[in-house]
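Novice: Give me coordinates for this.
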Amino acid sequence: MLRPYKRYCAVATVALVIGLSVFLLSGHNAGSPVAAAQTTRPAGPATTVVARGRIEPVERLHVISGPSHGGTIAELRVKEGQRVQRGDILAILDTYYTRAASVTVAEKSLALAELELRQIRWGAKESDIEAQKALVTMRAAELKRAERQMERSRALVSRDIISDDTNELRLLEMHRARESLRQAEANLRALTEVRAIDVQIAMASIELAAAELAHVTAEREQDIIRAPIDGTILTLTARLGAMIHAEGILSMANIDNLMVVAEIDATDTPHIHPGQSVTITSDVLPAPATGKIVRIANRVYRSERPTTDVLAGRDARIVEAEIEVDPTNALPPLVGAEMTLHIQLNDS
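Specialist: This next block holds a predicted model:
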């Protein structure tokens, strides 16, 4: 009874082993072609590159920092959201008032130098000139009287009425009168004559005063912070009475003309070129916008902005590209607003 049972178990075991082997061999041969197809099938070329971006003014953001010597804000004449024109005063520093006083002093010095030159060119005072002219007239009259007396003296000497000594005295008086007239005439010429050297000295004084005025005016202008462009005040980074710090006084931009700046992963830049179409999406847009790449920067830098889930791992080294948005798509005036960009690689 036991032997037939053992024989039956042995036959069943052999049959089970043979069946399992056949099953495994057939399953392996059937799956091999599928596995080979999955590992050797080439992946299709990418048609888009996803990048992050932001809204920027076409003329870019202007950070107003003030002069290099720093200072304290004495007047802040604008507020956030205010539109300004180029040249408008944005702020005034505390050193402005001291330098404004220096400008006033320099202006007075220049005016004084100009008056001195005018005085030199005009000569002496009119009253002094008139007095000297009267003296010349008097000396001329004295000379004529001395000459008449000399003629009379000569006639009397020839008739032996007066002595030669008296005649010599009259001659001496005539010479003295003539010399007095020469001296008076020389003084009159000195009063009315303008010497070239005096004019040159006066003109040099004017040039020096003008240079000083230009210098102090330039220093005063450094304390007046003006708008470099027509635009809108976006943020105030300094407050009234505060020292100017590294972040500057304010930032402003012309937000009437906006673009999108793409931050493209540096490894994708070989596939990016101007003219490619871009689809732009964002929470701040009512609908996707479209545009084209117009310029690609020649600089790679590390982005410090936090990444999004969609762009995880794509904010290490980037290259910026400027995107001109189609006129039919209006961008909101939100400088720095986050955008997601889909760049079409098959565009020419």
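
Novice: Could you pull out the helices in the stretch 151-300 of the chain for me?
Specialist: When assigned using DSSP state H, counting those that start in this stretch, the helices of the stretch 151-300 of the chain occupy the ranges 164-192, 196-222.

Novice: tell me, which of these is the model least confident about?
Specialist: The stretch with the lowest mean pLDDT among these is helix 164-192, at a mean of 84.

Novice: Flag every buried residue along that one.
Specialist: Using 16 or more other Cβ atoms under 10 Å as the burial criterion, the residues of helix 164-192 that qualify are 167, 170, 173, 174, 177, 178, 180, 181, 184, 185, 188, 191. Where you see a C-beta, it was placed from the backbone N, CA and C, and this is true even at glycine.

Novice: Closest one of the residues you listed to residue 88?
Specialist: residue 191 (55.0 Å; Cβ to Cβ).

Novice: what's the biggest strand by length in the chain in contact with?
Specialist: Scanning the chain for the longest strand, with DSSP state E as the assignment, gives strand 289-302. With Cβ atoms under 8 Å, 6 or more residues apart in numbering as the test, strand 289-302 has contacts from 260, 262, 266, 269, 272-281, 316-326, 329, 331, 343.

Novice: and the residues you listed, which of them are in strands?
Specialist: Assignment to strands by DSSP E places the following of those there: 260, 262, 277-281, 317-325, 343.

Novice: are any of those residues buried, and which?
Specialist: Neighbour-count burial (16+ other Cβ under 10 Å) applied to those gives 260, 262, 277-278, 280, 318-325, 343.

Novice: of those, closest to residue 235?
Specialist: residue 260 (20.4 Å).

Novice: Grab the nearest non-local neighbour of the closest one.
Specialist: In space, and not counting its chain neighbours, residue 260 is closest to residue 323: 4.3 Å by Cβ to Cβ, 6 or more residues apart in numbering.

Novice: Surely that neighbour is in contact with residue 278?
Specialist: Yes: in this structure, residue 323 sits in contact with residue 278. The criterion is Cβ atoms under 8 Å, and the distance is 5.2 Å.

Novice: Overlap of the contact sets of those two?
Specialist: 260, 262, 291, 292, 293, 341.

Novice: Skipping adjacent residues, who's closest to residue 133 in space?
Specialist: residue 188 (6.2 Å).

Novice: ok, the one you found - contacts?
Specialist: 129, 132, 133, 135, 136.

Novice: which of the residues you listed count as buried?
Specialist: Under a neighbour-count criterion of 16+ other Cβ under 10 Å, the subset of those counted as buried comprises 132, 135, 136.

Novice: Helices - which of the residues you listed land there?
Specialist: Counting by DSSP state H, the buried ones among the contacts of residue 188 place 132, 135, 136 in helices.

Novice: Which pLDDT value goes with the second one?
Specialist: In this case it means residue 135. pLDDT, residue 135: 90.

Novice: follow-up on the earlier one: in CSV, list the buried residues of helix 164-192 along with distance to residue 93.
Specialist: Shown next, in CSV, are the buried residues of helix 164-192 (distance: Cβ to Cβ, whole Å):
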residue, distance to residue 93
167, 88
170, 83
173, 78
174, 78
177, 73
178, 72
180, 68
181, 68
184, 62
185, 62
188, 58
191, 52
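
Novice: Of these, which is the nearest to residue 53?
Specialist: Each of these was checked against residue 53 using Cβ to Cβ; the closest is residue 191, at 82.3 Å.

Novice: just checking, that closest one touches residue 131?
Specialist: No: with contact defined as Cβ under 8 Å, residue 191 does not reach residue 131; the gap is 9.2 Å.

Novice: how near is the nearest residue to residue 342 once chain neighbours are set aside to residue 81?
Specialist: The shortest distance from residue 342 to any residue other than its chain neighbours is 4.4 Å, reached at residue 279 (Cβ to Cβ, 6+ apart). Using Cβ to Cβ, to the nearest Å, residue 279 is found at 31 Å from residue 81.

Novice: cool, and residue 257?
Specialist: Note on residue 257: its distance to residue 81, by Cβ to Cβ, is 18 Å.

Novice: any idea which helix or strand of the protein has the worst average confidence?
Specialist: Counting by mean pLDDT, DSSP states H and E, the chain has its least confident helix or strand at helix 2-40, which shows a mean of 43.

Novice: residues in contact with the residue nearest in space to the middle of the chain?
Specialist: Of all residues in the chain, the one closest to the mean position by Cα atoms, centre = their mean is residue 228, 7.0 Å from it. Contacts for residue 228 were tallied using Cβ under 8 Å, 6+ apart; they are 62, 64, 86.

Novice: Understood, closing this out.
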